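Visitor: Turn this into a model:
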Amino acid sequence: MACFSTAIKATPTYEKAWNNLGVVMRSEGKLKEALRCYNMSIKANPMYKNAWYNKGFILEDMGRLEEAIRYYNKALEISPNYAEAVYSRDECLKKLAQRRLKEKQKMELAYKKEIMQMDQKIRREMEDMARLRSQGGGMEEEPLEAMPVRRPRIKRGA
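Guide: Got it, this is the predicted structure:
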């Protein structure tokens, strides 16, 4: 790590040193620092595919899958045959699809539970109404009577 820091001090725009320092930071579990290093590498050379790839990789580690896919794609714009980026992007897409499927299943389960609770509440209310009717609780059914409709008077000509 010290050699990368020395190289960066000597040449702050040395993208490979920034990228490699990011790799070291990631290996030490310092994800935010690694991300900062990859950003510096990209700033130094926006066409350096490894920095875009590593930024995607670290974002995937952080669970930020949509962003990771974006950066893998950026690496592929620079180098369309970059096999690691293709593989990592595809794996990230699979993880994202699985995450979305789990979220959908969770929502469906919650919806079904809510429907069941509403169904139970309606059933209880219907049972209560039936009990009141059987006990003569004053819920005699009388036919509904239509209410007359009143039309507003229109004043004609003055």
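Visitor: what mean pLDDT would you report for the top helix by length along the chain?
Guide: Ranked by residue count, the top helix of the chain under DSSP state H comes out as helix 83-134. Mean pLDDT, computed over helix 83-134, is 90.
Visitor: Report the distance from that helix to the chain centre.
Guide: Chain-centre distance of helix 83-134: 17 Å, with Cα atoms, centre = their mean, to the nearest Å.
Visitor: swap in stretch 77-86?
Guide: With Cα atoms, centre = their mean, you get 25 Å for stretch 77-86.
Visitor: Can you show me the CA trace of it as PDB?
Guide: The C-alpha coordinates for stretch 77-86 follow below in PDB (Å, rounded to 0.1, in the frame of the first residue of the first chain):
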ATOM      1  CA  GLU A  77     -18.400   0.300 -23.500                       C
ATOM      2  CA  ILE A  78     -14.600   0.900 -23.300                       C
ATOM      3  CA  SER A  79     -13.700  -2.800 -23.900                       C
ATOM      4  CA  PRO A  80     -16.600  -4.800 -25.400                       C
ATOM      5  CA  ASN A  81     -14.700  -8.100 -25.000                       C
ATOM      6  CA  TYR A  82     -13.900  -7.600 -21.300                       C
ATOM      7  CA  ALA A  83     -14.800 -11.100 -20.100                       C
ATOM      8  CA  GLU A  84     -14.700 -10.400 -16.400                       C
ATOM      9  CA  ALA A  85     -17.100  -7.400 -16.800                       C
ATOM     10  CA  VAL A  86     -19.500  -9.500 -18.900                       C
END
